[in-house]
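[1] give me a 3D structure for the following:
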Amino acid sequence: MVTRRDVASIVGLGAMTAAALASPAVAQTAADPNESTFARIRRTKKMRIGAVGGGAPYYMKDLASGQWKGFYIDIAKGLADDMEAELEITETTWGNSVLDLQANKIDIFFGLNPTPKRALVVDFSVPVFNNAFGILCKKDFKPKSWAELNSPDVKIAVDQGSSHDQVVSRLTPKAQISRLKTADDATAALQTGRVDAQCLITMLSLTVLKKNPSLGQFVLPTPIFATTSNAGFRRENDKTFRDYVNTWIDFNKGLGFIRNAIITNMELVGVTEADIPPGVSL
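    Next up, the predicted model:
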C-alpha cells in the first residue's frame, strides 16, 4: 500500500532528479560565452546602459536621490519596455563608454558620435539625431573658423578619449590641447582661464551656457563639422540586437517619440528649440 508519505517522497525525488538534470543546462545557458546580447536581454529581462553624470540634457543624475533623467534615459527606457526588460544604468564617462562596451559592462550606450577610430572596435546604430561640433570660448575670444583655432597661441580643453578630443586633434593639431578626465573638468579649465576654449558638441554646449552664461560664448566654427548622435554596441557576430535597435529608432522617430523626449528634456535645462543653431536637427 502506498501512503501519502510515499507519494511525497516519490514526488520530491522526481523533482530533485529533474532539477539535477536541468541545472547543468541552465548553468550552461547562463555562462554561455557565445550567447548574443539580444538573447541575454530576452533571457534575463535586463538591459544594461551607460550614462554620463554631467551630460545634461542627455543624462542627468540627481545626487540626492540617485535618480536619472535625460532624453537618452527616456529613450533607453522606451527601448527596454518594448523589449520587456528592466533598465540597468551604469555610470560612465564619454571617454570610457567605448571601453565599457568592449568590456561587456553595458549592452548599449546612447550618445556616441561615430568616428573611424571608434568604428574599429564597436558597432553603431542609425542616427538618433543630427548634431555638430562647437566651441565654447572665453568672452574676449571670437574665432569664426577651425583654421583660426589651429594656432600655437590657442589653448583648447577637451575630455580625453572623447569625440571632442578626436575632432580637435584632427582639425587643430597646432593648438595647445589640454586633455582632461571629464567634460566638466574641461569646462572648469575654461571658467578659470586656463584655456581659451572648449570643444563640445552643440547640444551640450548650449546646456553649459544656460547654466553659466558668464562662462563665455558659443561658436559654431566654419566649415560646420556635422555629425550624428548614435547608439554604440559591443561588436559581436550576432547583429540581432543592433538590427532591432535600428528598427526601433526609425519607428520611434516616425512616431515623434524621440523628438518629444529630446525637446522635453532640453526644456528642463532651459534650452529651447529656438536656441538650436543650424547644423543640428531633430
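[2] which residue ranges of the chain form strands?
    Per DSSP state E, the chain carries strands over the ranges 46-52, 60-61, 68-69, 86-92, 108-112, 122-124, 129-137, 155-159, 176-180, 197-201, 217-219, 226-234.
[3] how about the helices of the protein, start to end?
    In the chain, the helices defined using DSSP state H lie at 4-31, 37-44, 71-82, 97-102, 116-119, 146-149, 163-171, 183-191, 202-211, 240-255, 257-268.
[4] can I get the strands of the chain in a markdown table with mean neighbour count and mean pLDDT?
    Glycine gets a C-beta too; all of them are placed from N, C-alpha and C. Formatted as a markdown table, the strands of the chain follow (neighbours: other Cβ atoms under 10 Å; pLDDT from 0 to 100):
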| stretch | mean neighbour count | mean pLDDT |
| --- | --- | --- |
| strand 46-52 | 24 | 97 |
| strand 60-61 | 21 | 92 |
| strand 68-69 | 18 | 96 |
| strand 86-92 | 16 | 97 |
| strand 108-112 | 25 | 96 |
| strand 122-124 | 18 | 98 |
| strand 129-137 | 22 | 94 |
| strand 155-159 | 25 | 97 |
| strand 176-180 | 17 | 97 |
| strand 197-201 | 28 | 95 |
| strand 217-219 | 18 | 94 |
| strand 226-234 | 21 | 94 |
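[5] using JSON lines, lay out those strands together with distance to residue 243.
    Compiled in JSON lines, these are given as follows (distance: least, Cβ to Cβ, whole Å):
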{"stretch": "strand 46-52", "distance to residue 243": "15"}
{"stretch": "strand 60-61", "distance to residue 243": "30"}
{"stretch": "strand 68-69", "distance to residue 243": "27"}
{"stretch": "strand 86-92", "distance to residue 243": "20"}
{"stretch": "strand 108-112", "distance to residue 243": "13"}
{"stretch": "strand 122-124", "distance to residue 243": "10"}
{"stretch": "strand 129-137", "distance to residue 243": "20"}
{"stretch": "strand 155-159", "distance to residue 243": "31"}
{"stretch": "strand 176-180", "distance to residue 243": "35"}
{"stretch": "strand 197-201", "distance to residue 243": "26"}
{"stretch": "strand 217-219", "distance to residue 243": "37"}
{"stretch": "strand 226-234", "distance to residue 243": "10"}
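[6] which among the ones you listed is found nearest to residue 144?
    Closest approach to residue 144 among the strands of the chain (Cβ to Cβ): strand 217-219, 7.3 Å.
[7] just checking, what packs against the closest one?
    strand 129-137, helix 202-211 (3 or more Cβ pairs under 8 Å, 6 or more residues apart in numbering; DSSP states H and E).
[8] quick one: closest of the ones you listed to residue 239.
    strand 129-137 (22.6 Å).
[9] and the closest one with helix 163-171, angle?
    Interaxial angle, strand 129-137 versus helix 163-171 (axes from the mean of the first three to the mean of the last three Cα atoms, to 10 degrees): 70 degrees.
[10] which elements pack onto strand 129-137?
    helix 163-171, strand 197-201, helix 202-211, strand 217-219, strand 226-234, helix 257-268.
[11] tabulate the ones you listed (CSV), appending distance to residue 68.
    Output for those, formatted as CSV (distance: least, Cβ to Cβ, whole Å):
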stretch, distance to residue 68
helix 163-171, 22
strand 197-201, 20
helix 202-211, 16
strand 217-219, 26
strand 226-234, 17
helix 257-268, 11
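[12] go through the strands of the chain and name the closest to residue 276.
    Between these, strand 129-137 lies closest to residue 276; by Cβ to Cβ that is 9.8 Å.
[13] just the angle between that closest one and helix 202-211, please?
    Going by the same axes, to 10 degrees, strand 129-137 makes 50 degrees with helix 202-211.
[14] before we move on, the earlier item: out of the helices and strands packed on strand 217-219, flag the one nearest residue 253.
    strand 129-137 (8.4 Å).
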